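Novice: Here is my input, please return the structure:
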Amino acid sequence: MTHLPDVPRTDGTDEALRRSLGINRRRFLSTCTAAAAAAIAVPVFGSSPALAEDKGRGDNQGGDVLIPAAKRGIILYTVRDATGRDPLSTNLPSGFREVFKEMARYGYKQVEFAGYGQHPNAPGGASLESVEGAKLLRSWLDEYGLRAQGNHGFIPGSWPLSTPDLDTFKKHLEIANILGMAHVGTGGDPANSGYQADWDVAADKWNALGEMARGEGLKLYTHNHDSAYNFLLDHGPLDAQGHPTRSSGIRKLEYFLGITDPKTVWLEMDIFWAHVAKYKFHTYTAPDGSQQENIFDPAGLVVRHDKRYPLFHAKDGVVNTASGDGYDMVPFGTGDIDYATFFTRVGSRNYHNPMVEQDNAPSSTDPGQSLTDAKISYANLAALRKKRK
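Specialist: Got it, this is the predicted structure:
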């Protein structure tokens, strides 16, 4: 398999545009947020029996613990039915504030947002995608001892950037800083294409966006599903549209890693979807027309690019070869993905931030299912121990 060197790529963005962005507000916002949070509440996590009673077992910080307590997180997409629930119609947690409280009660210390919308009857109203909304969210995070690590939010669709897209992106960087995030990102691939030329354009765009985020003290990350680990089409013969039809054997995201700046572009591996890619994408057509096999190794990719992966989605699956994906999604720790081996291999336990995710946790018949699954997942994340040789 051909591997491209991990070297920065010139992104081609006009320097004057970069200098004119004018969004260096991190210190100002941090000061205002800290003052507002202090005026609203003192963090209570750890001092209240109500918040501590359901913490998962295995919270000791011995050398065998794979995920330290401070690194255990959840993406709120897992409990999106709870944040979207009408608090006037249920006794279950609903809206951001009550969901934060419940996640802290289970033991989570970190959350990743999947947008800033909730039920309109919840405190703060339907949309908290604003400076004032972010300040309110930050006060609740602080109240329950939680840290926001990232958001699957806005990435401009235009390139070169349109003025509205640039303004919206700047707003999201501002919101991320108010919330105290270290990362800001998206849930989609940089390029929805198999062709090298499209990934070259995507790299230019992400290098430029990443530089903007870096200027605000943030790491811009892309979150990817199985398609991003398919093989890049980068060799002829060409099809009728002039597109290459064969591959050198490098995967799309590996190519992207090699042509983006490691100081400005980061990734979040969804470990479930990476294993789906291992199941689905193992053979490619080489430039000479032969069929070649290359079995994907998700943990190996992380090891080779360790610091490029500050975030993970910890999502589990039961093997089902009758499914096109090879797995059925289940609560974390109840499936067949060997997470003890994965996290033992990737190491750097005080650097990586695993976020529990389960797309199918909400249920149409059991209103409390997503919360129950989040609780089960926390306990299993906390129980992970190093694999011994």
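Novice: show me where the chain has helices.
Specialist: Ranges of helices in the chain, per DSSP state H, are 15-19, 26-40, 49-52, 80-83, 95-106, 131-143, 163-179, 196-215, 252-259, 271-280, 298-304, 339-346, 369-382.
Novice: mean pLDDT lowest for which of the ones you listed?
Specialist: Note on the helices of the chain: helix 15-19 shows the lowest mean pLDDT, a mean of 35.
Novice: ok so, going back, nearest to residue 312, out of the helices of the chain?
Specialist: Checking the helices of the chain against residue 312 by Cβ to Cβ gives helix 271-280 as the closest, at 5.9 Å. Every residue, glycine included, has its C-beta placed from N, CA and C.
Novice: Which neighbouring elements make contact with that closest one?
Specialist: Under the contact criterion of 3 or more Cβ pairs under 8 Å, 6 or more residues apart in numbering; DSSP states H and E, helix 271-280 touches helix 298-304, strand 311-314, strand 316-319, strand 327-330.
Novice: what's the spacing between the residue lying closest to residue 115 once chain neighbours are set aside and residue 170?
Specialist: Leaving aside its sequence neighbours, residue 115 sits nearest to residue 153 (Cβ to Cβ, 6 or more residues apart in numbering; 6.5 Å). Distance of residue 153 to residue 170, computed by Cβ to Cβ, to the nearest Å: 13 Å.
Novice: Kindly report the same for residue 322.
Specialist: Remark: distance between residue 322 and residue 170 (Cβ to Cβ) = 47 Å.
Novice: Distance of residue 164 relative to residue 171?
Specialist: Residue 164 sits 11 Å away from residue 171, going by Cβ to Cβ.
Novice: So which residue is dead centre in the protein?
Specialist: For the chain, the residue nearest the mean C-alpha position is residue 268 (4.7 Å; Cα atoms, centre = their mean).
Novice: Report the contact partners of that one.
Specialist: Residues counted as contacts of residue 268 (Cβ atoms under 8 Å, 6 or more residues apart in numbering) are 150, 183, 185, 221, 222, 223, 224, 309, 310, 311, 312, 313.
Novice: ok, residue 78 - contacts?
Specialist: Neighbouring residues of residue 78 by Cβ under 8 Å, 6+ apart: 356, 357, 358, 359, 361, 370, 373, 374, 377.
Novice: now with 10 Å?
Specialist: By Cβ atoms under 10 Å, 6 or more residues apart in numbering, residue 78 lies in contact with 103, 111-112, 114, 313, 315, 331-332, 355-362, 370-371, 373-374, 377.
Novice: Need the buried ones from these selected in PyMOL.
Specialist: Buried subset of the contacts of residue 78, written as a PyMOL selection, criterion 16 or more other Cβ atoms under 10 Å:
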select buried, resi 103+111+112+114+313+315+331+332+355+356+357+358+361+362+370+371+373+374+377
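Novice: Between residue 322 and residue 170, point out the one with more neighbours.
Specialist: Taking other Cβ atoms under 10 Å, residue 322 and residue 170 do not tie; residue 170 has more neighbours (16 against 7).
Novice: That one touches residue 216, doesn't it?
Specialist: Yes - counting by Cβ atoms under 10 Å, residue 170 touches residue 216, with 8.7 Å between them.
Novice: coming back round to it: let's see if you can find the most crowded of the contacts of residue 268.
Specialist: Going by other Cβ under 10 Å, residue 150 tops the contacts of residue 268 with 31 neighbours.
Novice: Which residue, other than its chain neighbours, is closest to it?
Specialist: In space, and not counting its chain neighbours, residue 150 is closest to residue 183: 3.9 Å by Cβ to Cβ, 6+ apart.
Novice: what's the answer for residue 255, then?
Specialist: In this structure, residue 255 finds its nearest non-sequential neighbour in residue 232, 5.1 Å apart by Cβ to Cβ, 6+ apart.
Novice: Now do that neighbour against residue 360, distance only.
Specialist: Applying Cβ to Cβ to residue 232 and residue 360 gives a distance of 30 Å.
Novice: same thing with residue 64?
Specialist: Distance from residue 64 to residue 360, by Cβ to Cβ: 31 Å.
Novice: thinking again about what came up before, for residue 318, see how far away the residue nearest to the centre of the chain is.
Specialist: 23 Å.
Novice: And residue 334, by the same measure?
Specialist: From residue 334 over to residue 318 (counting by Cβ to Cβ), the distance is 8 Å.
Novice: likewise residue 89?
Specialist: Going from residue 89 to residue 318 by Cβ to Cβ gives 33 Å.
Novice: re the thing from before, please identify the most buried of the helices and strands packed on helix 271-280.
Specialist: Comparing the helices and strands packed on helix 271-280 by mean neighbour count (mean count of other Cβ atoms under 10 Å), strand 311-314 ranks first with a mean of 27.
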